[in-house]
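>>> Mind folding the following:
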Amino acid sequence: MASYLVTGVAGFVGAAVAARLLGAGHEVTGVDNLTTGFRENIPSGCVFLQGNCQDETLYARLPQRDYAAIYHIAGQSSGEISFDDPVYDLQTNAQSTLLLLKFALNSKCRRFLYASTMSVYGDQPDAPVAEDAATNPKSFYGVGKLASEHYLRIYRQYGIESACLRLFNIYGPGQNMENLRQGMVSIYLAQALKNRHIHVKGSGERYRDLVYIDDVVDAFLMLERAADGPARIYNVGTSVRTTVGELIEKIRKLLPFEVSVKYDGSTPGDMFGITADCRKIARETGWQARVGLNEGLQRMVTWAMPSASGQRQ
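So this is what the prediction gives:
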């Protein structure tokens, strides 16, 4: 049995990672400020501390254990929301990483898994983007995530072995259906279930790479086992290009009622389109996305249907 620290443990990805670690018989300490996460998401058996990772006083409260790895998944995770309060976004995404790296160093934890984002790339040509592409983030969120990647690169001189996962658009059961400014699939599905209407901000020709939550968790765990050496960066996606219009039609076909659609407006810092070149992670770890969009959406719709009557899973 090993001990792990998971930040953002009450959120979509953090809760899924913690649940998988606990299911494998490990000990998990989780941190979350419960701003967008939910206490009921925290897996049973997890030692939980409520707090902000950008707050220095948190680290005196953390159990002093020999952590096998730190999974840093907490942070403000919306490009659009980052424009509301850029300073808070910087604190929750960049300052938190610096403080966690300091904690890792002091506690002699040498493995660090970081949830970065495809938003660091900014606009790219219409072809799968590889990790060595130029970065030009269009939101404060993307800037903060990119800064954290550089902090990890610098900390390798102190012996911190890390992997940065540039996560593409994640979806699946457990996603926050109440936050209508983060998570493309959850936003559209929540609107459809609640209003039988979807309001799309931007063109239906925009496109994304949609990756299922179970595949993302697999990537985190595989990279933890392969985290020896310098800071490394990996795309985590499917390499499949799905337009917004295609996604909307797939959602509409899965629901047992008619859903109207309106395309109007835009979102600050929104990227027109991006897909992942995932050859690097496949080559170095053997990871590949296994759940296709049709299957993943069906699973998510089945899970989310009760929310149409006011229940959240």
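
>>> any idea which helix or strand carries the closest residue to Gln50 other than its chain neighbours?
The shortest distance from Gln50 to any non-neighbouring residue, by C-beta to C-beta, 6 or more residues apart in numbering, is to Leu34 (6.0 Å). In short, each C-beta sits where N, CA and C put it, glycine included. Element membership for Leu34, per DSSP states H and E: none, as it lies in no helix or strand.

>>> where does Leu34 land on pLDDT?
With respect to pLDDT, Leu34 scores 94.

>>> so what's the backbone phi/psi at it?
Main-chain torsions, Leu34, degrees, to the nearest 10: phi 60, psi 20.

>>> That one is in contact with Ala10, isn't it?
Yes: using C-beta atoms under 8 Å, Leu34 is in contact with Ala10, at 5.8 Å.

>>> So for these two, which residue has more residues nearby?
Neighbour count, other C-beta atoms under 10 Å: between Leu34 and Ala10, Ala10 has more, with 25 against 14.

>>> Identify the residues contacting that one.
30, 32, 34, 37-39, 41-42, 48 (C-beta atoms under 8 Å, 6 or more residues apart in numbering).

>>> Which residue in those has the weakest pLDDT?
The minimum pLDDT among the contacts of Ala10 falls on Gly37, with 88.

>>> so where's the longest helix in the chain?
As assigned by DSSP state H, the longest helix anywhere in the chain is helix 140-155.

>>> Give me the mean pLDDT for that one.
Helix 140-155 comes out at a mean pLDDT of 94.

>>> Let me know the closest of the contacts of Ala10 to Ile81.
The nearest member of these to Ile81, counting by C-beta to C-beta, is Gly37 at 14.5 Å.

>>> Now do the SS call for the closest one.
coil (DSSP: H, G, I helix; E, B strand; the rest coil).

>>> Ile251 is in contact with Gln298, correct?
No: judged on C-beta under 8 Å, Gln298 makes no contact with Ile251 at a distance of 10.6 Å.

>>> For Leu34, give its distance to Thr57.
17 Å (C-beta to C-beta, to the nearest Å).

>>> what residues are up against Asp55?
Asp55 neighbours (C-beta under 8 Å, 6+ apart): none.

>>> Domain map for the chain?
Structural domains annotated on the chain: 3-170+210-236, 175-208+240-273+291-309, as defined by automatic domain parsing.

>>> quick one: the helices in the stretch 101-250 of the chain?
Applying DSSP state H, counting those that start in this stretch to the stretch 101-250 of the chain gives helices spanning 140-155, 184-195, 213-225, 244-254.

>>> between the ones you listed, which gets nearest to Ile170?
Per C-beta to C-beta, nearest to Ile170 of these: helix 213-225, 5.4 Å.

>>> What are the buried residues along the closest one?
213-224 (16 or more other C-beta atoms under 10 Å).

>>> Contacts for that helix, please.
If you take C-beta under 8 Å, 6+ apart as the criterion, helix 213-225 is touched by 12-13, 16-17, 20-21, 68-69, 71, 111, 113, 163, 165, 167, 170-175, 234, 236, 238, 281, 285-287, 289-291.

>>> what about it, distance to the chain center?
Centroid separation for helix 213-225 versus its chain: 12 Å, with C-alpha atoms, centre = their mean, to the nearest Å.

>>> May I have it as PDB, with CA atoms only?
The C-alpha trace of helix 213-225 is given here as PDB (Å, rounded to 0.1, in the frame of the first residue of the first chain):
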ATOM      1  CA  ILE A 213     -13.000  10.400 -18.000                       C
ATOM      2  CA  ASP A 214     -11.900   6.700 -17.500                       C
ATOM      3  CA  ASP A 215      -9.300   7.100 -20.200                       C
ATOM      4  CA  VAL A 216      -7.900  10.300 -18.500                       C
ATOM      5  CA  VAL A 217      -7.600   8.400 -15.200                       C
ATOM      6  CA  ASP A 218      -5.700   5.600 -16.900                       C
ATOM      7  CA  ALA A 219      -3.300   8.200 -18.300                       C
ATOM      8  CA  PHE A 220      -2.600   9.700 -14.900                       C
ATOM      9  CA  LEU A 221      -1.900   6.300 -13.300                       C
ATOM     10  CA  MET A 222       0.300   5.100 -16.200                       C
ATOM     11  CA  LEU A 223       2.300   8.300 -16.200                       C
ATOM     12  CA  GLU A 224       2.900   8.100 -12.500                       C
ATOM     13  CA  ARG A 225       4.500   4.700 -13.000                       C
END
